[in-house]
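Visitor: From the sequence below, what's the structure:
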Amino acid sequence: MYRTAARRLLPALRRRTAHSPCSTSPLRFAIRIMNQTAFSSSAGFETVQNQNPNPNHFDSSDSSSSSDEARSARVTSSPKAHWQEEQARVLQASLRHVIRLGWIDAAMIAGAREVGVSPSIVGSFPRKEAALVEFFMDDCLQRLIDIIDMKKDLKDLIPSQRVAKLVRIRLEMQAPYISKWPQALSIQAQPLNISTSFRQRAMLVDEIWHAAGDEANDYDWYVKRTVLGGIYSATELYMLTDTSPDFQDTWQFLDGRIKDAFDLKKTVQEAKYLAEAVGAGMGGPLQGFMKRILQS
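Guide: A predicted model of the protein is given here:
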């Protein structure tokens with residue numbers, strides 16, 4: 001199924017990235033996420049080549065944090081807690097203008113005016129467009145946490161169904177912005193932004209596994225989150241080119257990948273195939289990038 005996705009995604013995403021307003025390809029970012037933690041196929045899933053990843057922060061200078069600290073951060077703080085109140089108001093309003101204007105300063109200025117704040121506040125965001133994308137990611141995570149807390153029927157589902165449902169709920173939050181999402185991925189992929197982007201996605205998959213009742217320890221904790229991160233990113237890419245009603249093809253793709261996830265070795269190997277295929281299709285620089293990631 002990943003092979004089918006690769007054949008489908010390559011032509012469409014080449015067209016989208018060719019017109020992207022940002023210099024960094026969203027494919028570089030999404031595929032890098034899918035393969036951030038590399039596995040030794042010869043040793044199976046009990047051996048992880050990178051044994052010290054920090055699941056809530058992918059900056060190598062911070063890689064000493066433990067999974068216990070990551071879990072504590074998840075349950076004790078809101079994803080939006082670090083935003084100042086006035087900034088949060090402006091960014092929340094700005095999201096309503098992204099669909100028309102894109103992830104740019106103009107959307108932030110329009111948002112500031114909507115809530116009666118001077119547009120000069122945009123200057124208080126050092127990374128402007130990145131702040132808008134990161135706020136959206138934090139906002140979506142908070143909304144997902146609220147849904148998890150409220151939806152009692154989730155407990156009636158088996159873990160695989162619970163994971164699939166939560167991934168779908170989260171991706172549906174991006175549906176209104178789908179035409180502008182390649183731009184958001186490009187912004188996330190820029191060097192100054194990529195550490196925060198990885199951290200936000202790691203927090204997302206951790207919340208989903210936690211809601212599914214996962215109590216894994218040691219390497220299994222990392223394996224499950226890496227696999228789900230790959231599935232999430234592959235589905236996110238698939239969604240960009242899905243023209244079926246209400247993204248039905250995307251949800252079928254997602255359900256198939258979640259079902260396969262119980263065979264972890266198959267899932268990771270297939271995810272690597274997709275990443276390598278997309279990298280090869282995009283040409284020299286990205287292909288070399290993918291080889292380095294997969295061999296690390």
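
Visitor: if I look at residue 111, how far off is residue 147?
Guide: Distance, residue 111 to residue 147, using CB to CB, to the nearest Å: 24 Å. From N, CA and C alone the C-beta is placed, and that goes for glycine too.

Visitor: Among those two, which residue is more densely surrounded?
Guide: Using other CB atoms under 10 Å, the more surrounded residue of residue 111 and residue 147 is residue 111, with 25 against 16.

Visitor: Which strand or helix spans the more buried one?
Guide: helix 105-114 (DSSP states H and E).

Visitor: Check residue 238 too.
Guide: helix 218-240.

Visitor: Export only the CA atoms of the helix or strand just after that helix, formatted as CSV.
Guide: Remark: after helix 218-240, the chain's next helix or strand is helix 248-260, criterion DSSP H and E. Output of helix 248-260 as CSV, limited to C-alpha atoms (Å, rounded to 0.1, in the frame of the first residue of the first chain):
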residue,chain,number,x,y,z
GLN,A,248,-12.5,8.8,2.0
ASP,A,249,-9.5,7.4,0.2
THR,A,250,-7.2,8.9,2.8
TRP,A,251,-9.1,7.3,5.6
GLN,A,252,-9.0,3.9,3.9
PHE,A,253,-5.3,4.4,3.5
LEU,A,254,-5.0,5.2,7.2
ASP,A,255,-7.1,2.2,8.3
GLY,A,256,-4.9,-0.1,6.3
ARG,A,257,-1.7,1.3,7.8
ILE,A,258,-3.0,1.1,11.3
LYS,A,259,-4.0,-2.5,10.7
ASP,A,260,-0.5,-3.2,9.5
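
Visitor: isn't residue 99 right up against residue 174?
Guide: No. With contact defined as CB atoms under 8 Å, residue 99 does not count as touching residue 174 (11.4 Å).

Visitor: Mind checking which of those two has more residues around it?
Guide: The neighbour comparison of residue 99 against residue 174 (other CB under 10 Å) goes to residue 174, with 17 against 13.

Visitor: who's in contact with that one?
Guide: By CB atoms under 8 Å, 6 or more residues apart in numbering, residue 174 lies in contact with 140, 181, 236, 239.

Visitor: Look up how far residue 156 lies from it.
Guide: Distance from residue 174 to residue 156, by CB to CB: 26 Å.

Visitor: hang on, the earlier thing: ok, residues contacting the helix holding residue 111?
Guide: So helix 105-114 is contacted by 90-98, 100-101, 118-119, 121-122, 125, 128-129, 132 (CB under 8 Å, 6+ apart).

Visitor: and the residues you listed, which are buried?
Guide: Among the contacts of helix 105-114, those classed as buried by neighbour count (16 or more other CB atoms under 10 Å) are 90-95, 97-98, 101, 121-122, 125, 128-129, 132.

Visitor: Cool, thanks, talk later.
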